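Peer 1: let's see this in three dimensions:
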Amino acid sequence: MSEYNLFEQYRRMEEQHIFLAFYGTFSEKTVTGMGETIKEKLSRRKEEKKLVQRVFSIFVELAQNISHYSAADRTGIIVVAKARDCYFVRAGNFAETASVPVIADKINHINALDENGLRELYIRQLKSPRPPGKTGGSVGLIGIVRESGNPISLTVTPGDGDRSFVAFSVKISRKIGKAGGEG
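Peer 2: Presented below is the predicted three-dimensional model:
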C-alpha cells in the first residue's frame, strides 16, 4: 500500500476553498457538531445572519438525507465550500439503484417550479398524510430549493448493481434574496 499524502489532500481542499468536509456515519451528534462549526466559521467571516442560516439549513437537510436514506448504514460524504459569490453544499451517499429514478424525478419536478409552485407544493406536502413510520413532511428537497433560490444538481454514479452513488450539489448566493452567483 502506498503512503497517503495528507498534505496533498489538505492543499486540494484549500485550493477548492473547502472549509468543512466529512466522510463517515451521520449521527445526530455529528450533524449537530458540524452545523455549529458552519455557523461559527461563517459568522467569523462576517457573513449576514440570513446567509449563515440558509447555508446551515441546507447543510442540515442534506446531512439528514444521508442519515435517513443511505443504503450504506447512514454513511456518506458532505462538503461545504466557498466560491467567489456563493457557497456550495455538496453531499453524497449510496442509494438503492431502484430508487434513483424516483429521486431524479422528484428533483426534476421541484427544480422546474417557480417560487409560487414551490410554496404550494411545500404546503401540500405538509398537509398530506405521512406513510407509517415516517416522521417528516417530505419537504426537505423543496426547502433546499426555496432556501437556496437555485436548483439542486443531481449526479448519479453506478455502483455495485444494487446501489448507485447519488450526489447532490446546491449553490447558495451570498447576495441575500437573489438566486445565482458566480461559482
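
Peer 1: name the helices or strands packed onto the lengthiest helix in the chain?
Peer 2: In the chain, assigned by DSSP state H, the helix with the most residues is helix 49-69. In this structure, helix 49-69 packs against helix 28-44, strand 75-82, strand 86-96, helix 140-148, strand 163-173, with contacts taken as 3 or more Cβ pairs under 8 Å, 6 or more residues apart in numbering; DSSP states H and E. Just so you know, the C-beta spots here come from the backbone N, C-alpha and C atoms, and that holds for glycine as well.

Peer 1: which element is the closest residue in space to residue 113 that isn't next to it in sequence on?
Peer 2: For residue 113, ignoring the flanking residues on the chain, the nearest one in space by Cβ to Cβ, 6 or more residues apart in numbering is residue 121 at 6.3 Å. Secondary-structure element containing residue 121, defined by DSSP states H and E: helix 115-127.

Peer 1: from the chain's centre, how far out does stretch 83-97 sit?
Peer 2: Its chain's C-alpha centre lies 5 Å from the corresponding centre of stretch 83-97 when counted by Cα atoms, centre = their mean, to the nearest Å.

Peer 1: any weak-confidence spans in this protein?
Peer 2: Screening the chain residue by residue with the criterion pLDDT under 70, one finds the ranges 1, 133-138, 176-183.

Peer 1: what's the closest non-adjacent residue to the residue positioned nearest the centre of it?
Peer 2: In the chain, the C-alpha closest to the average C-alpha coordinate belongs to residue 62, at a distance of 3.4 Å (Cα atoms, centre = their mean). If the residues on either side of it in the chain are set aside, residue 62 comes closest to residue 91, at 3.8 Å by Cβ to Cβ, 6+ apart.

Peer 1: so that neighbour bridges to which residues?
Peer 2: Beta-bridge partners recorded for residue 91 (DSSP bridges): residue 78, residue 168.

Peer 1: wait, it touches residue 166, no?
Peer 2: No - under the criterion of Cβ atoms under 8 Å, residue 91 lies out of contact with residue 166, with a separation of 9.0 Å.
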